[in-house]
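Colleague: Structure, please.
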Amino acid sequence: QVQLVESGGGLVQTGGSLRLSCAASGRTFTSTAMGWFRQAPGKERTFVAAINWSDGRTYYGDSVRGRFTASRDNAKDTLSLQMNSLKPEDTGVYYCAAYKGGGSLYARSAYDYWGQGTQVTVSS
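Modeller: So this is what the prediction gives:
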């Protein structure tokens with residue numbers, strides 16, 4: 001079994017910053033990558049970022065590239081997502097997820113374990 005627990009969400013003004021964390025335990029040692037997704041009210045869950053456990057290579061969605069930075073601490077099995085220059089359209093519930101392999105890192109279907117999510121609200 002895999003447990004993923006996000007933290008760090010909150011309310012911030014436009015242009016502000018937040019740092020999300022995801023604590024992973026269980027089967028994650030066999031996951032080669034982890035991802036971040038977000039879901040705005042009434043919309044589908046979309047890809048935000050992903051990171052390889054082994055080499056730290058990162059991948060970003062077009063709307064966050066240059067503003068968000070994903071990182072990992074292998075020793076602690078934790079992920080982080082530093083979010084800068086936040087915009088109202090970044091509002092949503094943010095989830096971390098474990099990549100199961102065999103598909104695109106950008107696709108929801110390639111992830112099999114999800115955290116409970118943490119709310120991020122950016123006020124204008």
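Colleague: Now name the helix or strand holding the residue nearest to the spatial centre of the chain.
Modeller: Centroid-nearest residue in the chain: Trp36, 2.1 Å away (criterion: Cα atoms, centre = their mean). Counting by DSSP states H and E, the element that carries Trp36 is strand 33-39.
Colleague: which helices and strands does that strand pack with?
Modeller: Judged by 3 or more Cβ pairs under 8 Å, 6 or more residues apart in numbering; DSSP states H and E, strand 33-39 is in contact with strand 18-26, strand 45-52, strand 78-83, strand 92-99. Quick note: C-beta positions are derived from backbone N, CA and C, even for glycine.
Colleague: Quickly compare those strands and say which is most buried.
Modeller: strand 92-99 (a mean of 24; mean count of other Cβ atoms under 10 Å).
Colleague: Each with direction, which strands does that one pair with?
Modeller: When pairs are called by DSSP bridges, strand 92-99 turns out to pair with strand 33-39 (antiparallel), strand 111-114 (antiparallel), strand 118-123 (antiparallel).
Colleague: can you pull the buried residues of the longest one?
Modeller: Which is strand 33-39. 33-38 (16 or more other Cβ atoms under 10 Å).
Colleague: Need those in TSV (columns: distance to Arg108).
Modeller: Formatted as TSV, these follow (distance: Cβ to Cβ, whole Å):
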residue	distance to Arg108
Ala33	14
Met34	14
Gly35	9
Trp36	12
Phe37	7
Arg38	11
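Colleague: returning to that earlier point: so can I have JSON lines of the strands paired with strand 92-99 showing mean pLDDT?
Modeller: Compiled in JSON lines, the strands paired with strand 92-99 are given as follows (pLDDT from 0 to 100):
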{"stretch": "strand 33-39", "mean pLDDT": "96"}
{"stretch": "strand 111-114", "mean pLDDT": "94"}
{"stretch": "strand 118-123", "mean pLDDT": "98"}
